[in-house]
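**Student:** Kindly generate the corresponding structure for this input.
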Amino acid sequence: MSEKVSVLAQTTLKGVRSVIRSRDGLMESCCLSEPNEIPTACGPLIPRWGQEDERSRARPSLSFYPDGSLRSIYLQDRTTVKTPIGSYPAELLIFYPEGQLQRLFPLNGQLSGFWELNDEQRLCPELNFHLFCGSFKTKIIGLHFYASGALRSLTFWPDETVVLRTNVGLMPVRHGAAFYEDGRLESLEPGEPLLVSTPLGNLTAYDSHSLGLQGDRNSLAFNSDGSMRSIVTSTDQVQVIKAGHEVMSFRPLLKPDPLQESRLTILPLRVNFSQTQVTFNNGEQQGRYDLADCCFRTAAGSADFHEILQQPPLSCGDCGSCHLCG
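**Tutor:** You can find the predicted model right below:
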C-alpha cells in the first residue's frame, strides 16, 4: 500500500489562488499560478498553473480530503505515470483517501463550440493493454483501479471496439468493461447485438440506451463464479409459463424518441438472475419469478426492433433533425 501523504501538511504551495474552503475553514481545492511539485503515489507531479487555452477545463489544479491528503491533481502537461498495470499518459489523476491511485484520465479538455469531441479524441493516443480476458490496443477515456491496485474498469472512447474473451465466448465490446479484483471479467457492453446463452435460453444481448459514460457498470454482467448475473436485450422477448399454464410476456418497448417524436426508440428489457430467481424490468413492467417454479420461452423480436437499432442516434447536436428548441 502506498504511504499516505498529507500535501497541505508537508508541502508549501506557491501561487495559490481561487481557494475553496469547507465550513470548517479547511482547503478543499485551489488553482495555482506558479509551478509546484506535488508528491503522489505515482511520483512527484506538477499541477496545472500556466495560461489557459481553448481546451483548458475550468477545474481546480488540486483538491484535497479533509485531512489534507491529495484527492485530485489536474496536471500542467500530459505526463506518463506509472500505474499498477503499466505506464500511461495522464492529464487528470484521482486518488483514494489513503493515497492509492483511483482513476486516471489521459485527457481532460473542455468541450465547447471552439473545441469539440473529435478535436479531443484526435489528441488521445492508442494504448496497449494486456489483461486476463485479452490483449488489445485502443483509445480510452479513463482507467479505474481498486485500492489494492487491481484494475476496476476501462472506459473506451466512443466508436472504439475491442474483442474480449468472455464466459459466453469471444465478444466485441464497446464503451467499456469492468473486472473483479482477481482480474476476472465482471461486466461489459456488447459492441453489437449478439445471441448468448442464458439460464432462460438464448437471448440477444445489446443495450440500445447505453451511453458509454463510464465502464464500471454494463448490461452484460457475470458473477464471480462465471455464471450470468444480468443481461439487457433490445429485441427479444421472454414468456414465463407458471403452474396452471398462466403465461406472462416480457419484451422491450417502443416509445417516441424524446428528441424527435416522429421517430421511435427502444426501452430495453433488463433481466437479472440470482441463484433461485429471475427478475424482468423494461421501465414500465416488472416481474420476479422462481426459476424452479416456471418454464421460460425466448423468442426474437419483430423486425421493427432490428430496424430501429440500425437508425443513427440523435443528439442535441443534430439541430437539423430536432424541433425541441423551437
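
**Student:** mind checking the SS state of the residue of the chain most remote from its centre?
**Tutor:** For the chain, the residue at maximal distance from the C-alpha centroid (CA atoms, centre = their mean) is residue 244, at 43.4 Å. What DSSP: H, G, I helix; E, B strand; the rest coil gives for residue 244 is coil.

**Student:** can you check residue 118 too?
**Tutor:** Look at residue 118: counting by three-state DSSP, its state is helix.

**Student:** now it: how far from residue 231?
**Tutor:** Distance from residue 118 to residue 231, counting by CB to CB, to the nearest Å: 33 Å. Every residue, glycine included, has its C-beta placed from N, CA and C.

**Student:** out of these two, which sits in the busier spot?
**Tutor:** residue 231 (27 against 9; other CB atoms under 10 Å).

**Student:** Would you mark the buried spots in the helix or strand where the more buried one lies?
**Tutor:** Counting by DSSP states H and E, the element that carries residue 231 is strand 228-233. Buried residues in strand 228-233, counted by 16 or more other CB atoms under 10 Å: 228, 230, 231, 232, 233.

**Student:** For the chain, which segments are assigned as helices?
**Tutor:** Taking DSSP state H as the criterion, the chain carries its helices at 7-10, 117-123, 303-309.

**Student:** where does the protein dip in pLDDT?
**Tutor:** Along the chain, the model assigns pLDDT under 70 to residues 1-5, 9-10, 212-214, 258-262, 302-326.

**Student:** okay, now the domains of it?
**Tutor:** Structural domains annotated on the chain: 1-125, 159-310, as defined by automatic domain parsing.

**Student:** Looking at those domains, spot the one closest to residue 144.
**Tutor:** Closest approach to residue 144 among the domains of the chain is made by domain 1-125 (5.3 Å; CB to CB).

**Student:** Mind putting the domains of the chain into JSON lines with distance to residue 131?
**Tutor:** Below are those laid out as JSON lines (distance: least, CB to CB, whole Å):
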{"stretch": "domain 1-125", "distance to residue 131": "8"}
{"stretch": "domain 159-310", "distance to residue 131": "7"}
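
**Student:** out of those domains, which comes closest to residue 147?
**Tutor:** domain 1-125 (5.2 Å).

**Student:** among the domains of the chain, which is nearest residue 135?
**Tutor:** Closest approach to residue 135 among the domains of the chain (CB to CB): domain 159-310, 9.5 Å.

**Student:** first to last residue in stretch 274-288, what's the distance?
**Tutor:** Separation of the first and last residues of stretch 274-288 by CA to CA, to the nearest Å is 11 Å.

**Student:** Which residues does that stretch contact?
**Tutor:** Residues from elsewhere that reach stretch 274-288 (CB atoms under 8 Å, 6 or more residues apart in numbering): 199-200, 238, 240, 248, 250-253, 267-272, 289-292, 296.

**Student:** Please indicate which of those residues are buried?
**Tutor:** In these, burial by neighbour count holds for 200, 238, 240, 250-252, 267-272, 289, 296, counting by 16+ other CB under 10 Å.

**Student:** ok so, going back, give me the distance between the residue farthest from the centre of the chain and residue 293.
**Tutor:** 11 Å.

**Student:** again, but for residue 58
**Tutor:** For residue 58, the distance to residue 293 equals 57 Å [CB to CB].

**Student:** okay, those two: which has more neighbours?
**Tutor:** Neighbour tally, residue 58 and residue 293, criterion other CB under 10 Å: the higher count belongs to residue 293, 11 against 8.

**Student:** hmm, who's touching the strand holding residue 231?
**Tutor:** With CB under 8 Å, 6+ apart, strand 228-233 has contacts from 167-168, 187, 196, 198-199, 203-207, 210, 219-223, 252, 268-273.

**Student:** and with 7 Å instead?
**Tutor:** Identification of contacts with strand 228-233 by CB atoms under 7 Å, 6 or more residues apart in numbering yields 198-199, 203-207, 219-223, 252, 268-273.

**Student:** For residue 128, which non-adjacent residue is spatially closest?
**Tutor:** Excluding its sequence neighbours, the residue lying closest to residue 128 (CB to CB, 6 or more residues apart in numbering) is residue 137, at 5.1 Å.

**Student:** ok, the one you found touching residue 156?
**Tutor:** No - assessed by CB atoms under 7 Å, residue 137 is found out of contact with residue 156, at 11.5 Å.

**Student:** if you count what's nearby, which of the two comes out ahead?
**Tutor:** Between residue 137 and residue 156, residue 156 has the larger neighbour count (other CB under 10 Å), namely 22 against 11.

**Student:** Beta-bridge partners for that one, please?
**Tutor:** Here residue 156 shows beta-bridge partners residue 140, assigned using DSSP bridges.

**Student:** Next one: residue 206 from residue 246, what distance?
**Tutor:** In terms of CB to CB, residue 206 sits 29 Å off from residue 246.

**Student:** How about residue 186?
**Tutor:** 35 Å.
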